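> next comes the sequence, and after it the predicted model I'd like to discuss.
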Amino acid sequence: MTDAPLITILDDEPAIRDILTEALQEAGFRTRAFSRATEFEAALRTTTPDVALVDLGLPDRDGLTLVHRLALEQGAKVIIISGRAQVQDRVTGLELGADDYVTKPFEAAEVVARVRARLRKAPARPQQTTARFGEWTAHFDRFSLERGAEETAFSQAEAEVLRLFLESPKRLITRTQMQEALGGTAGDSFDRAMDVRISRLRTKLGEDPKNPRLIKTIYGAGYIFLGDVTWS
């Protein structure tokens, strides 16, 4: 089972760690569980998980700082598991690069399903790592957007959405197609995650939120990327 995906669990509650560890191992995953952010960060020096389950209410650090590092620097898929149910907490977590947000209390089977959804294989994609459109160059090998001397980082989660748009320019992409391509569980959580990522991409591209030039919303249908794209 050494080639099974590695799922890390960061939560200071022993019962939560035990429940998730048992459910994930029964589902065929490898697991490592941590109770402190410092322990988890030490492990990251040698290992990058396939999916990280992160609690926000940690005793030694706010989990949101770890979410940002995991998504932007490590390239890991992140699912927040938290007792914070406020909409703003969800939005903040997703803005920092989390792929999903689960509130406590939860069913272990639901968490396993969400992990599987994040690991679901997308269709084979081109190996090109650089895309040019308008004044911008997207570097997927280093997760950055370049325009002249300006360079802006984007997260793994944002990269998935941007690549989807750039691989299908001037074609309608529905929510269902996004879910199938990116892996996700249909519902409000997935829709919220997509809304946040698209909003952040528009901001990084200097788009007018009321009249975006590149990423157009087709209400009730999906999105269209209007730029001309060349890959290399």
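On my side now, so go ahead. Numbering: from 1, shown residues only.
> C-terminal to whichever helix in the chain runs longest, what's the next element?
Counting by DSSP state H, the longest helix found in the chain is helix 188-204. Toward the C-terminal end, the helix or strand that comes next after helix 188-204 (DSSP states H and E) is strand 215-218.
> burial measure for the residue lying closest to Leu94 once chain neighbours are set aside, as a count.
Nearest residue to Leu94 in three dimensions, chain neighbours excluded: Val196, at 4.0 Å (Cβ to Cβ, 6 or more residues apart in numbering). Glycine gets a C-beta too; all of them are placed from N, C-alpha and C. Applying other Cβ atoms under 10 Å, we find 22 residues neighbouring Val196.
> one more: the one 10 residues further on?
Neighbouring residues of Gly206 were enumerated by other Cβ under 10 Å; the total is 15.
> if I look at it, how far off is Arg147?
The gap separating Gly206 from Arg147 is 8 Å, by Cβ to Cβ, to the nearest Å.
> and Ala193, by the same measure?
Counting by Cβ to Cβ, the gap from Ala193 to Arg147 is 26 Å.
> what sits against Ala131?
By Cβ atoms under 8 Å, 6 or more residues apart in numbering, the contact list for Ala131 reads 137-138, 140, 163, 166, 229-232.
> pretty sure Thr137 contacts Thr130?
Yes. Applying Cβ atoms under 8 Å, one finds Thr137 in contact with Thr130, separated by 6.4 Å.
> and the helix or strand of the chain with the lowest mean pLDDT, what's buried?
Within the chain, no helix or strand scores below helix 87-95, which has a mean of 76 by mean pLDDT, DSSP states H and E. Neighbour counts over helix 87-95 (16 or more other Cβ atoms under 10 Å) mark 89-90, 92-95 as buried.
> for stretch 131-142, same thing?
Neighbour count says stretch 131-142 has 131-133, 136-140 buried, by 16+ other Cβ under 10 Å.
> from those residues, which is closest to Gly222?
Phe133 (19.0 Å; Cβ to Cβ).
> isn't that closest one right up against Lys170?
No. Phe133 is beyond contact range of Lys170, at 11.1 Å (criterion: Cβ under 8 Å).
> domain parsing of this protein, as residue ranges.
6-119, 130-231 (automatic domain parsing).
> in the protein, which spans are helices?
Under DSSP H, the chain gives helices at 14-26, 37-44, 63-69, 87-95, 108-119, 156-167, 175-182, 188-204.
> ok, which of these comes nearest Ile79?
Between the helices of the chain, helix 108-119 lies closest to Ile79; by Cβ to Cβ that is 5.9 Å.
> for that closest one, name the packing helices and strands.
Helix 108-119 is packed against helix 14-26, strand 51-54, strand 77-82, strand 100-103, with contacts defined by 3 or more Cβ pairs under 8 Å, 6 or more residues apart in numbering; DSSP states H and E.
> residue contacts, the nearest residue to Asp62 once chain neighbours are set aside?
Leaving aside its sequence neighbours, Asp62 sits nearest to Leu56 (Cβ to Cβ, 6+ apart; 6.7 Å). Residues counted as contacts of Leu56 (Cβ under 8 Å, 6+ apart) are 62-64, 80, 82, 84, 89, 93.
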